[in-house]
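Colleague: sequence unknown, structure follows:
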């Protein structure tokens, strides 16, 4: 800087003192050092003929005197043009400032102009033109977060990170209180770990995740427990969240729907996570699917209430997880069939995937082999006369009046009982004997097989002589009629003595 080097020290000092005085008087935001460093050749210009006149013109036109570093090198004509443009811009800024102050007062709901001036005096950053855009954005965010701007004026001057934390906490607090029905204490407990992870509650996805968790639990307390234990679930990607949702909510659903605690699951050596691993490709994130699985598990476990059977049920699920995918209606019909044939619960893994006809055949075979103890050779022999399900139905019918061992012997000794077409006759006569026994008049034929298979005429001859002596113990005719009304309607009958019908407990067969 040759020009500056040639200037005397006293001359430079005079210029510096003058410029520093003017900058302080006008309240410029720029320091003397900033002005000189921006334009070092400034000190080479004449103090009286250039620096002083131009700084006075700047002050007169309300232009920042620090602008001397910009205009000092201009010719006089260019300086005048530049000064006119700067003055015009300042006037426009004043108009903008007035409009902004009015808008700000409306946002803050301040009517009194003096009160507004006090606000600007206490928070001067609000009036800075460069801050207007940011202040507008923050006022809008505060309203959305349900923060009253007038009570949070200092927030307009916060650093971006601090302001973001304020808005996030307010948004989450409002959502948890109003939509999730959390009390204030629980809300404040949840806010700390959730916001620490940088979760943005303003995003719809975050609120939807909290709603998804709430929909899967039974109470707000359970929701609070999950959010406190797994706050990171709200910040992960969608796939990870769906996995988390399926795992955690299925645990709650197991406890609430099936009444199983986590300790019981561990005792039975099964967990909700293990269940999902057994069927990894199924849509566990869908609540409807999980509820269907729960209903299926409940159906399997409800076959008996003992702990041993429950353990067996879980073992079946673990060994044959695809049982959980069998339609519930189909599973129930198979269990009904198993109860009818006295099959063990473990048989369900064999027949659940069979057509109904095959399942009936399987259960009949199981009954005949395990309950009646028919050997394969005997089964082959008796199945030559009738189908297995017919044999089983006749055997079950006979068991209602005879011990199982007696039934087994009778079927082996009288294979004609299993002849096709005798099922209806046998069942009718067995029901008649059951009815007689229930009203206190048991009848025991000498030969059960002959009694069940004899023609109707022979059956009537055997039964009628006894029927004539079966008079009601109670002579009340009305009571006797009730007994007759209870007679099985599936058995065809007529009165052999119409006059004595009211006193009879049995009627003549056709």
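Modeller: Structure received. In this text, all values refer to a predicted model and were calculated from it rather than measured experimentally.
Colleague: for stretch 162-178, the distance to its chain's centre please.
Modeller: Put simply, stretch 162-178 sits 24 Å off its chain's centre (C-alpha atoms, centre = their mean, to the nearest Å).
Colleague: And the pLDDT at residue 309?
Modeller: Looking at residue 309, its pLDDT reads 60.
Colleague: Equivalent analysis for residue 306, please.
Modeller: Looking at residue 306, its pLDDT reads 57.
Colleague: got it, and residue 71?
Modeller: Residue 71 carries a pLDDT value of 90.
Colleague: how about it, phi and psi?
Modeller: phi -100, psi -10 (degrees, to the nearest 10).
Colleague: ok, the nearest residue to it once chain neighbours are set aside - contacts?
Modeller: The shortest distance from residue 71 to any non-neighbouring residue, by C-beta to C-beta, 6 or more residues apart in numbering, is to residue 79 (5.3 Å). Every residue, glycine included, has its C-beta placed from N, CA and C. Shown in contact with residue 79 (C-beta atoms under 8 Å, 6 or more residues apart in numbering): 54, 57, 71.
Colleague: So the first one belongs to a strand, correct?
Modeller: This means residue 54. No: under DSSP: H, G, I helix; E, B strand; the rest coil, residue 54 sits outside any strand and is assigned helix.
Colleague: what about it, distance to residue 20?
Modeller: From residue 54 across to residue 20, the span is 16 Å (C-beta to C-beta, to the nearest Å).
Colleague: And these two? Which one has more around it.
Modeller: In this view residue 54 and residue 20 are compared by other C-beta atoms under 10 Å, and residue 54 has more residues nearby, 20 against 15.
Colleague: Quick check: that one touching residue 68?
Modeller: Yes: with contacts counted by C-beta atoms under 8 Å, residue 54 reaches residue 68, the gap being 6.1 Å.
Colleague: any idea which helix or strand carries the residue nearest to residue 71?
Modeller: Using DSSP states H and E, residue 79 sits within helix 76-108.
Colleague: Next up, the contacts around the residue positioned nearest the centre of the chain.
Modeller: By C-alpha atoms, centre = their mean, the chain has its centre lying nearest to residue 216, at 3.0 Å. Neighbour list for residue 216: 245, 249, 252, 253, 287 [criterion: C-beta under 8 Å, 6+ apart].
Colleague: Residue 361 too?
Modeller: With contact taken as C-beta under 8 Å, 6+ apart, residue 361 is in contact with 388, 389.
Colleague: Looking at it now. What's its pLDDT?
Modeller: Residue 361 is given a pLDDT of 86.
Colleague: hang on, it in a helix?
Modeller: Yes: applying three-state DSSP, one finds residue 361 inside a helix.
Colleague: Look up how far residue 226 lies from residue 376.
Modeller: Distance, residue 376 to residue 226, using C-beta to C-beta: 57 Å.
Colleague: wait, residue 119
Modeller: Per C-beta to C-beta, residue 119 is found 44 Å from residue 226.
Colleague: next one: residue 152
Modeller: Taking C-beta to C-beta, one finds residue 152 at 31 Å from residue 226.
Colleague: Please identify which of those two sits among more neighbours.
Modeller: Remark: of residue 152 and residue 226, residue 226 carries more neighbours, 23 against 17, as counted by other C-beta under 10 Å.
Colleague: buried stuff in whichever helix or strand that one is part of?
Modeller: Take DSSP H and E as the rule and residue 226 turns out to sit in helix 220-229. In terms of neighbour count (16 or more other C-beta atoms under 10 Å), helix 220-229 has its buried residues at 222, 223, 224, 226, 227.
Colleague: Is the closest residue to residue 145 other than its chain neighbours inside a helix or a strand, and which specific one?
Modeller: Spatial nearest neighbour of residue 145, excluding adjacent residues (C-beta to C-beta, 6+ apart): residue 170 at 4.0 Å. Using DSSP H and E, residue 170 falls within helix 160-174.
Colleague: Average pLDDT for that helix, rounded please.
Modeller: Rounded mean pLDDT across helix 160-174 is 82.
Colleague: so how far is residue 444 from residue 411?
Modeller: Residue 411 is 19 Å from residue 444, by C-beta to C-beta.
Colleague: Who has more neighbours out of these two?
Modeller: The residue with more neighbours, out of residue 411 and residue 444, is residue 411; 21 against 10, by other C-beta under 10 Å.
Colleague: ok, that one to residue 448 distance?
Modeller: Taking C-beta to C-beta, one finds residue 411 at 11 Å from residue 448.
Colleague: Flag every buried residue along stretch 345-358.
Modeller: Those would be 345, 347, 348, 351, 352, 353, for stretch 345-358 by 16+ other C-beta under 10 Å.
Colleague: okay if I get the residues you listed as TSV plus secondary structure, pLDDT and distance to residue 135?
Modeller: Listed next are the buried residues of stretch 345-358 as TSV, based on DSSP: H, G, I helix; E, B strand; the rest coil; pLDDT from 0 to 100; distance: C-beta to C-beta, whole Å:
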residue	secondary structure	pLDDT	distance to residue 135
345	helix	81	72
347	helix	86	76
348	helix	87	70
351	helix	90	74
352	coil	89	68
353	coil	90	69
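Colleague: and those residues as TSV, adding distance to residue 421?
Modeller: Below are the buried residues of stretch 345-358 laid out as TSV (distance: C-beta to C-beta, whole Å):
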residue	distance to residue 421
345	35
347	30
348	33
351	28
352	33
353	34
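Colleague: quick one: the helices in the stretch 1-150 of the chain?
Modeller: 2-6, 9-25, 32-38, 52-60, 68-71, 76-108, 113-122, 132-144 (DSSP state H, counting those that start in this stretch).
Colleague: helices and strands of the protein: which one bottoms out on pLDDT?
Modeller: Here the helix or strand of the chain ranked lowest by mean pLDDT, DSSP states H and E is helix 477-485, holding a mean of 43.
Colleague: Quick check: next helix or strand after the helix or strand residue 311 falls within?
Modeller: Counting by DSSP H and E, the element that carries residue 311 is helix 307-319. Downstream of helix 307-319, the next assigned helix or strand under DSSP H and E is helix 328-340.
Colleague: What is that following helix packed up against?
Modeller: If contacts are counted by 3 or more C-beta pairs under 8 Å, 6 or more residues apart in numbering; DSSP states H and E, helix 328-340 sits against helix 287-301, helix 348-351, helix 356-370.
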